[in-house]
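Enquirer: just coords:
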């Protein structure tokens, strides 16, 4: 990729005239990457009225936008780019790729200008990388055709939903083509009698429940980002949410998915029927983080809105007491639809934003939600109150009215945004521990923060032990970033030591791949790779769009550099080297 720049070098040195207003094309890398190559460009000037001359100009580019100009006689001038146009020049290969994609989806649905691609270098994690090009198909067939085009050009492919993921799953490594699914956002069919809906992957999660509420139905998985995240992204990460304690995660509510395989074939894995025979390829695909293919339709199971919903909030003067209450509620035979916890740091962040008026001595707050038949909910509510009081709850609030229940949930749902009152950046860790170990683990998490001088807030799904320590920091401070990554590693090690897992719902992505050996052996990971390769088998079918066996490894056709150790370096966008984090072998050596 090249960008046309108009540059000016002020001043004069060693007899060389100033360079002013010369338009030139310079090959440049992404603005967040350090360019190490130098380029030669001849510059003509007629500043001397008697004849003028030409001189060789070497240009080295750094990531701040400053260019160093070195002339042939070793006289050096320094200049700063005064303007940059939006025009860009691609290599011949890139121009052909863009033209082929435009032929499939139309020019307005292909994004390739550098300033537009900036929007796609992010997700909700701390990692960054720029795509080669972004294509926005408007149908399943267009998505399949885009895969075939990428294959013909030997390009990697990264499916993308709303970009709200928290493990780097949507980060387009290795100059990938991003297939954005935002235009595929329709509800295609709702079968009220059988409680099944067919939706497209770009549909926002909460929109589905809002649309079907008139029929007394809802879609259970409810990630905290449900106002923005998409069903397709939920499928990729097997997303959970507060209400998945009793009802399960995405995989428990998806009956079938239509997918595009590596050769561009469209097919269904599972379907709208509640029972299917044969291998559960649907289950294998859910949670594969975009490494198996592209989801184009999803058949989801719908539930009846419960007869009664009762929400309770309990404040405690110690985190230990709140943690013990979680274990005691489950031990009493009660499985709430949601059981959430927030600690003192989170309370302090939320108070000036949402003004919940929690007790001044509250060190932790629990939100307990019960639903079902009226008699059952009332009986369970009494038991939960008894458990909370037995563990020293300093305040209890409850609500049945939808608006009042929403008020009780406001701080929990908006806690992540409220952390901005403490620090400009956050890194949300996702680990799982047995809920009986919550007290010990929470103490150790706090000790990690104290040792490294970091503020860590905790807001998480306490009922199933799915922790979300939120490490607050300033991303402009590289030393802080290094400590944050170190803290995340240590927290995950603590989770595993207590019999837990690396992820409850955010996935592995870039963030956790170096830690996979904490849980899995080489044989385990080779078996996983074998499953991935079965989906990406280049001999599948006979389509002209089948993947090439060129420079792009077929085994990583979709979402390269994710999940397995060595695929990417967590924190690289901040200049953090592999020596700063856990050492791991290359992905193809596992």
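Expert: Happy to help now that I have it. If you're wondering where the values come from, they're calculated on a predicted model, not measured in any experiment.
Enquirer: residues contacting residue 405?
Expert: 309, 311, 369, 399 (C-beta atoms under 8 Å, 6 or more residues apart in numbering). Backbone N, C-alpha and C define where each C-beta goes, glycine included.
Enquirer: Can you tell me the closest non-neighbouring residue to the last one?
Expert: In this case it means residue 399. Excluding its sequence neighbours, the residue lying closest to residue 399 (C-beta to C-beta, 6 or more residues apart in numbering) is residue 405, at 4.7 Å.
Enquirer: How much space separates that neighbour from residue 215?
Expert: 21 Å (C-beta to C-beta, to the nearest Å).
Enquirer: same question, residue 250
Expert: Counting by C-beta to C-beta - residue 250 and residue 215 are separated by 21 Å.
Enquirer: Looking at these two now, which is surrounded by more residues?
Expert: Higher neighbour count among residue 250 and residue 215: residue 250, with 27 against 13, using other C-beta atoms under 10 Å.
Enquirer: residues in contact with that one?
Expert: Contacts of residue 250 (C-beta under 8 Å, 6+ apart): 221, 234, 235, 237, 238, 239, 240, 286, 287.
Enquirer: I figured residue 446 hits residue 456, correct?
Expert: Yes. In this structure, residue 446 is within contact of residue 456 by C-beta atoms under 8 Å, at 6.9 Å.
Enquirer: between those two, who's got more neighbours?
Expert: For the pair residue 446 and residue 456, the greater number of neighbours falls to residue 456 (22 against 16), based on other C-beta under 10 Å.
Enquirer: so that one sits in a strand?
Expert: Yes. According to DSSP: H, G, I helix; E, B strand; the rest coil, residue 456 belongs to a strand.
Enquirer: Spatially nearest residue to it (excluding sequence neighbours)?
Expert: With C-beta to C-beta, 6+ apart, the residue lying closest to residue 456 is residue 449, at 3.9 Å.
Enquirer: For burial, what's the neighbour tally of the one you found?
Expert: 21.
Enquirer: Quick check: which element contains it?
Expert: Here residue 449, judged by DSSP states H and E, is contained in helix 438-452.
Enquirer: In terms of secondary structure, what does that helix contact?
Expert: helix 319-331, strand 455-460, helix 478-497 (3 or more C-beta pairs under 8 Å, 6 or more residues apart in numbering; DSSP states H and E).
Enquirer: 10 Å instead?
Expert: helix 319-331, strand 338-343, strand 455-460, strand 466-467, strand 469-473, helix 478-497 (3 or more C-beta pairs under 10 Å, 6 or more residues apart in numbering; DSSP states H and E).
Enquirer: quick one, it and helix 478-497 angle?
Expert: Helix 438-452 and helix 478-497 meet at an angle of 160 degrees, taking axes from the mean of the first three to the mean of the last three C-alpha atoms, to 10 degrees as the criterion.
Enquirer: Excluding covalently adjacent residues, which one is nearest to the residue nearest the centre of the chain?
Expert: With distances taken as C-alpha atoms, centre = their mean, residue 165 lies nearest the centre of the chain, 2.1 Å away. Counting by C-beta to C-beta, 6+ apart, the nearest residue to residue 165 once its immediate chain neighbours are dropped is residue 123, at 4.7 Å.
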